[in-house]
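1. Below: sequence and its predicted model.
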Amino acid sequence: MKPTLFVLAAGMGSRYGGLKQLDSLGPNGETIMDYSIYDAIQSGFGKVVFVIRKDFEQEFRDKIISKYEGHVPVEVVFQSTDALPEGFECPADRTKPWGTNHAVLMGKSVINEPFAVINADDFYGRDAFRVIAEELSRPRDKKGDYCMVGFRVGNTMTENGSVARGVCENKNGLL
């Protein structure tokens with residue numbers, strides 16, 4: 001069974017000022033995620049799942065999904081503030097998506113095979129996809145068998161600063 005590439009593309013790009021995951025940068029209008037998806041498929045991934053927000057679904061389908069339909073199985077799931085596990089409540093004034101952990105949870109209904117999670121606006125390089133596809137394609141012999149590709153932090157930082165990721169807790173203080 002080929003692994004799935006799970007692409008986190010629901011971010012609002014508040015510091016960037018728009019949907020950076022949809023902005024073209026390649027010579028033929030490629031986005032950063034186009035390069036990642038190409039590298040992942042070449043490395044052995046067999047399906048792509050995107051998590052997006054409902055409010056930009058049509059633009060996302062027109063610019064991104066239309067490129068892949070008919071070439072690789074594609075699924076779309078939506079991240080919304082009210083899609084929460086039991087025991088969690090959304091504050092009435094919450095408008096932003098919850099973040100990475102919540103986004104990954106949204107894929108639960110459509111991913112039944114080993115998968116790798118990437119951010120739509122990060123560049124990973126072909127070798128990272130080769131390494132993770134190889135690991136995810138090996139037989140799993142126990143539940144809770146996880147892996148990740150790591151990068152030296154000093155090689156991932158720019159002079160423009162860092163990115164902070166949020167954490168969500170339920171009423172019992174659990175993540």
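-> Yes, it's here.
2. remind me which residues of this structure are low pLDDT?
-> Per-residue confidence of the chain (counting by pLDDT under 70) places the weak regions at 11-20, 22-23, 155, 157, 161-175.
3. so what secondary structure elements neighbour the strand or helix carrying E59?
-> Take DSSP states H and E as the rule and E59 turns out to sit in helix 57-60. In terms of contacts (3 or more CB pairs under 8 Å, 6 or more residues apart in numbering; DSSP states H and E), helix 57-60 is packed against strand 74-78. In this view, the C-beta of every residue, glycine as well, is placed from N, C-alpha and C.
4. starting at the chain centroid, how far to the strand it packs on?
-> Relative to the mean C-alpha coordinate of its chain, strand 74-78 is positioned 11 Å out (CA atoms, centre = their mean, to the nearest Å).
5. what sits up against it?
-> Under the criterion CB atoms under 8 Å, 6 or more residues apart in numbering, residues 10, 47-54, 57, 60-61, 65, 68, 106-107, 109-110 lie in contact with strand 74-78.
6. Could you list which of those belong to helices?
-> The helices, defined by DSSP state H, take in E57, F60, Y68 from these.
7. picking up where we left off before, buried residues in the helix holding E59?
-> Buried positions in helix 57-60, judged by neighbour count with 16 or more other CB atoms under 10 Å: F60.
8. go on, stretch 62-70?
-> Judged by neighbour count (16+ other CB under 10 Å), stretch 62-70 contains these buried residues: K63, I64, I65, K67, Y68.
9. ditto for stretch 106-126
-> Along stretch 106-126, the positions that meet the burial threshold by neighbour count (16+ other CB under 10 Å) are M106, G107, I111, P114, F115, A116, V117, I118, N119, A120, D121, Y124.
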